[in-house]
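Peer 1: How does the following fold in three dimensions:
(chains A and B)
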Amino acid sequence: EPEVTQTPSHQVTQMGQEVILRCVPISNHLYFYWYRQILGQKVEFLVSFYNNEISEKSEIFDDQFSVERPDGSNFTLKIRSTKLEHSAMYFCASSAFSGREETQYFGPGTRLLVL
Amino acid sequence: GENVEQHPSTLSVQEGDSAVIKCTYSDSASNYFPWYKQELGKRPQLIIDIRSNVGEKKDQRIAVTLNKTAKHFSLHITETQPEDSAVYFCAASKGGGFKTIFGAGTRLFVKA
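Peer 2: Sure thing, here's the model as predicted:
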């Protein structure tokens, strides 16, 4: 069964550094998402992406964040200048949304630690 | 802004008993309500979902009910087993491509 994959699984970075989190969505999916989950807390929506542009974003997704689909398979989340509060698990998800298929499939996550 | 409230935050049941988790949502335009199970350190996994044109849906031991008028939806797990122990999240969205708002989660413990 196809799965969403994410790399790296863990990333440790110094405050102020740029990080890029990578995702490979399921191949025939059309919608892509990033979420974050601070340890022990709920899953929070960051951004959704369709047809090479942002569909919707939350107030968390400020100008420190950007997303890109650089080629036909990868979907990336960039944090320009990391802060301590960016430490969290970041999940990528994708959905087909053809007809009534809205199910989002989550990747295994990237645990980001900012020191 | 949009919000999803989830109760209880913790639920402990004996194996074989039923567990019920309740959620309310604020955005009346929401029309898709998934439920996710998350084990420690793992990704959220969809266990069941319901759309706004349906009042109830069952899948073996799991059922979900939706009351659109009251903006309530609930998860029912019957004949609970120790492997059902996990954190369960409800969520609400307006469909594909729109933001999905998650509840705060319910930590379910099933005691053998």
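Peer 1: hang on, A:Gln14 packs against A:Leu115?
Peer 2: Yes: in this structure, A:Gln14 is within contact of A:Leu115 by CB atoms under 8 Å, at 5.7 Å. Every C-beta, even on glycine, is put in place using the N, C-alpha and C of the backbone.
Peer 1: what's A:Thr7 in contact with, if anything?
Peer 2: A:Arg22, A:Thr110 (CB atoms under 8 Å, 6 or more residues apart in numbering or on different chains).
Peer 1: how about a cut-off of 6 Å?
Peer 2: A:Arg22 (CB atoms under 6 Å, 6 or more residues apart in numbering or on different chains).
Peer 1: Which pLDDT does the model give it?
Peer 2: pLDDT, A:Thr7: 96.
Peer 1: do the same with B:Gly55
Peer 2: 89.
Peer 1: Ok, A:Gly99 next?
Peer 2: 55.
Peer 1: do stretch A:46-58 and chain B meet at all?
Peer 2: Yes: using CB under 6 Å from any CB of the partner chain, stretch A:46-58 reaches chain B at A:Ser48, A:Tyr50, A:Ser55, A:Glu56.
Peer 1: how about these in a markdown table, adding secondary structure and distance to A:Val19?
Peer 2: A markdown table is the format used below for the residues of stretch A:46-58 next to chain B (DSSP: H, G, I helix; E, B strand; the rest coil; distance: CB to CB, whole Å):
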| residue | secondary structure | distance to A:Val19 |
| --- | --- | --- |
| A:Ser48 | strand | 21 |
| A:Tyr50 | strand | 24 |
| A:Ser55 | strand | 23 |
| A:Glu56 | strand | 23 |
